[in-house]
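Asker: show me the folded form of this:
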Amino acid sequence: MTDAAPAVRVGRIEFVNCFPLYDHFEEELAARGVAAEIVEGHPAALNALLVEGEIDVALPSSIAYARHADVLSVLPHVSISSLGAVDSVQLFTRVPLGDVTRIALTEQSATSVCLVKILCREWGIEPEFVPRRGPLSEVMAGADGLVLIGDEALHVLRTRVYPNNYDLGEEWQRVSGLPMVFAVCAARRDFVAARRTAADAVGRALLASRDQCAAQPERTAAEAALRYDFNQAYLMEYFDRLKYGFTPEYRRGLLEFYRRAAAIDQLDEVPELDDVPAASFEETRLSAPVRGSVPGHDD
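Answerer: Below you'll find the model as predicted:
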């Protein structure tokens, strides 16, 4: 029997990187007695809907959560993270990094915008930042750098349109030594207060979907390939790079990101993560280790 209360309004990011979290989500949530209404969109749009109360739970970009921690509560079950290269968050440039003077920024993800500003400080460059407008050819005619995320970043990376690219997950690990948490699972505080059991069920259903996909990596990549314009072999490797757990190591990386964001005035204050219990949620890899994976870091 499903929850007699209204369906939980759950935001789903329409990028391939979220596929393992949502492939079995609705059936897993229904098995826990809760119905879902899925609302799809890109990260920035879903961030706004969550803050405005138009949806109840989503995977907001990590900086968006921090900026609205007064109305949002972290659910501890999953995140979207990387330990090193992530592929789908990239800075593309026409010139070497030290010569970059103007970077066009995606409007789809506040976290990647903040992250590239942090990294520019670490790289010792002070470019002008401008919003992306128009097609890629026009953007790069007026800027020598461009930040892209999600499926668009994967396509541009695969076609090698630009001579230089810098993976922001890899660059973050290089300067911090820590994982990068791009998105957290969060619910509105008023929703958690009113329907705590349903909020927990959402987090557990996302985790269970991830676990089912992790147990069948080839099938998962094949199913994702039918929905997105990537082949199975490519997605096997891509899903292997992504981390969906939220262990203490990843929380340390998230807090360090917040500290550095505050240091460059991208965040008023570092939020507490008191909502997250100390227990570690073990990560299961989506495929066999690929060359370059770090021994002992399967989380």
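Asker: CA atoms for contacts and neighbours, from now on please.
Answerer: Will do.
Asker: ranges for the strands of this structure?
Answerer: 8-13, 36-41, 57-58, 72-82, 89-93, 102-105, 128-131, 145-149, 164-167, 180-188, 242-243 (DSSP state E).
Asker: give the contact list for Leu242.
Answerer: Applying C-alpha atoms under 8 Å, 6 or more residues apart in numbering to Leu242 gives the contacts Asn17, Ile80, Ser81, Ser82, Leu83, Val86.
Asker: and the fourth one, what are its bridge partners?
Answerer: Beta-bridge partners of Ser82, counted by DSSP bridges, are Met180, Leu242.
Asker: still on that earlier bit, and the furthest pair within the contacts of Leu242?
Answerer: Asn17 and Leu83 (14.8 Å; C-alpha to C-alpha).
Asker: more neighbours, the two?
Answerer: For Asn17 versus Leu83, the count of surrounding residues by other C-alpha atoms under 10 Å is larger for Leu83: 24 against 20.
Asker: the more buried one contacts Ser176, doesn't it?
Answerer: No - Leu83 lies out of contact with Ser176 (C-alpha atoms under 8 Å); the separation is 11.0 Å.
Asker: run through who's touching the helix-or-strand element of the chain with minimal mean pLDDT.
Answerer: Across the helices and strands of the chain, mean confidence by mean pLDDT, DSSP states H and E is lowest for helix 136-142: a mean of 76. Residues from elsewhere that reach helix 136-142, judged by C-alpha under 8 Å, 6+ apart: Arg94, Ala104, Arg132, Arg133, Leu146.
Asker: is it correct that the first one is in contact with Val161?
Answerer: Read that as Arg94. No - if you go by C-alpha under 8 Å, Arg94 and Val161 don't touch, sitting 9.6 Å apart.
Asker: comparing these two, which shows the higher neighbour count?
Answerer: Neighbour count, other C-alpha under 10 Å: between Arg94 and Val161, Arg94 has more, with 18 against 14.
Asker: who's the residue nearest to Pro96 when sequence neighbours are not counted bridged to?
Answerer: Using C-alpha to C-alpha, 6 or more residues apart in numbering and skipping residues adjacent in sequence, the residue nearest Pro96 is Asn164, 7.0 Å away. Beta-bridge partners recorded for Asn164 (DSSP bridges): Thr93.
Asker: contacting residues around Val130?
Answerer: Val130 touches Arg102, Ile103, Ala104, Leu105, counting by C-alpha under 8 Å, 6+ apart.
Asker: drop anything exposed from those residues.
Answerer: Arg102, Ile103, Ala104, Leu105 (16 or more other C-alpha atoms under 10 Å).
Asker: who's the third one bridged to?
Answerer: By that I understand Ala104. With DSSP bridges as the rule, Ala104 is bridged to Val130, Leu146.
Asker: from here on, count from 32
Answerer: All right, first residue 32 from here; so that's Ala135.
Asker: from Ala95, how far out is it?
Answerer: Applying C-alpha to C-alpha, to the nearest Å, the value for Ala135 to Ala95 is 20 Å.
Asker: go on, the second one?
Answerer: Look at Ile134 and Ala95: by C-alpha to C-alpha, they are 21 Å apart.
Asker: between the strands of the chain, which one is closest to Glu303.
Answerer: Closest among the strands of the chain, once you apply C-alpha to C-alpha, is strand 103-113, at 9.9 Å.
Asker: packing partners of the helix ranked longest in the chain?
Answerer: Secondary structure of the chain per DSSP state H: the longest helix is helix 227-246. Other elements packing on helix 227-246 under the criterion 3 or more C-alpha pairs under 8 Å, 6 or more residues apart in numbering; DSSP states H and E are helix 50-53, helix 56-62, strand 103-113, helix 220-225, helix 248-258.
Asker: so which of those gets nearest Arg290?
Answerer: strand 103-113 (17.5 Å).
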